[in-house]
Each structure stands twice: as structure tokens, then as C-alpha cells.
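> Sequence and computational prediction follow.
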Amino acid sequence: MAFGAPNAGSIFRPTPPDRGSFPLDHDGECKKQMESYLACIKANPMTKERIKPECRLLAKDYLNCRMERGLMRKDDWKNLGLPSDTKETSKSQD
């Protein structure tokens, strides 16, 4: 008998991590989106603790990539502080 060994009948079922938990993207699946977002943040510093509208869609692309690949749990855009479509982003630029 081996202590700590999984039960032969049990099956491990991975689940996406909780919101706020960001596991590393070891395979670089979302690297392109991350680099685009970081380049935008560097070129457009935040004002009054807000991300510039130019960078919001890039943030959305990056988070969407992570959600699609199971690197974070899927959530509504409003819960992540992002617009649900491009019309809302253009309104926030006015």
C-alpha cells in the first residue's frame, strides 16, 4: 500500500483557476496578446488609475485568450471592468 497515492478508481479532472489567480502561460499561448497589451501600456501611461481606451481592447483580447485556453475561468466582461463590445469602448473615449 502506498500512502498518498491516488485511488485507482478516482480520475483527476482539472478545472480552470479562480478569478484573480493567473497561472503562468508556460507554452506562450497568449504571448502575442500579452506583448501587445504591455506595449500599449508603456506607450500610454495610465491616468487617474485608469487604463487608456486604446489599451482596453488589447486587455480584452489578452484575457479572452486566457479564458479560451483554460488559463483563467470564464467571466462576464462587466465583472472584469471591460466593455462587452467595441461600441462601449468608443463611448468611453468621448
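Looks like it arrived, so ask away. Numbers count the residues shown, from 1 in each chain.

> neighbours of Arg56, just the number please.
Burial measure for Arg56: 21 neighbouring residues, criterion other Cβ atoms under 10 Å. Where you see a C-beta, it was placed from the backbone N, CA and C, and this is true even at glycine.

> Doesn't it lie inside a strand?
No. Assignment of Arg56 by DSSP: H, G, I helix; E, B strand; the rest coil gives helix, placing it outside any strand.

> helix or strand for Lys60, which one?
If you go by DSSP states H and E, Lys60 is part of helix 53-68.

> Check Gly28 too.
Applying DSSP H and E as the criterion places Gly28 outside every helix and strand.

> ok, which stretches of the chain are strands?
With strands called from DSSP state E, the chain shows none.

> what about it, any weak spots by pLDDT?
1-10, 16-22, 48-49, 85-94 (pLDDT under 70).

> What is the burial count for the nearest residue to Ser84 once chain neighbours are set aside?
Distances taken as Cβ to Cβ, 6 or more residues apart in numbering put Trp77 closest to Ser84, at 4.6 Å, once the chain neighbours are dropped. Trp77 has 14 neighbouring residues, counting by other Cβ under 10 Å.

> so who does Trp77 touch?
Contact analysis of Trp77 by Cβ atoms under 8 Å, 6 or more residues apart in numbering lists 60, 83-84.

> Next up, phi/psi of the nearest residue to Asp25 once chain neighbours are set aside, please.
Nearest residue to Asp25, sequence neighbours excluded (Cβ to Cβ, 6+ apart): Leu71, at 6.0 Å. Here is the backbone geometry of Leu71 (degrees, to the nearest 10): phi -90, psi -10.
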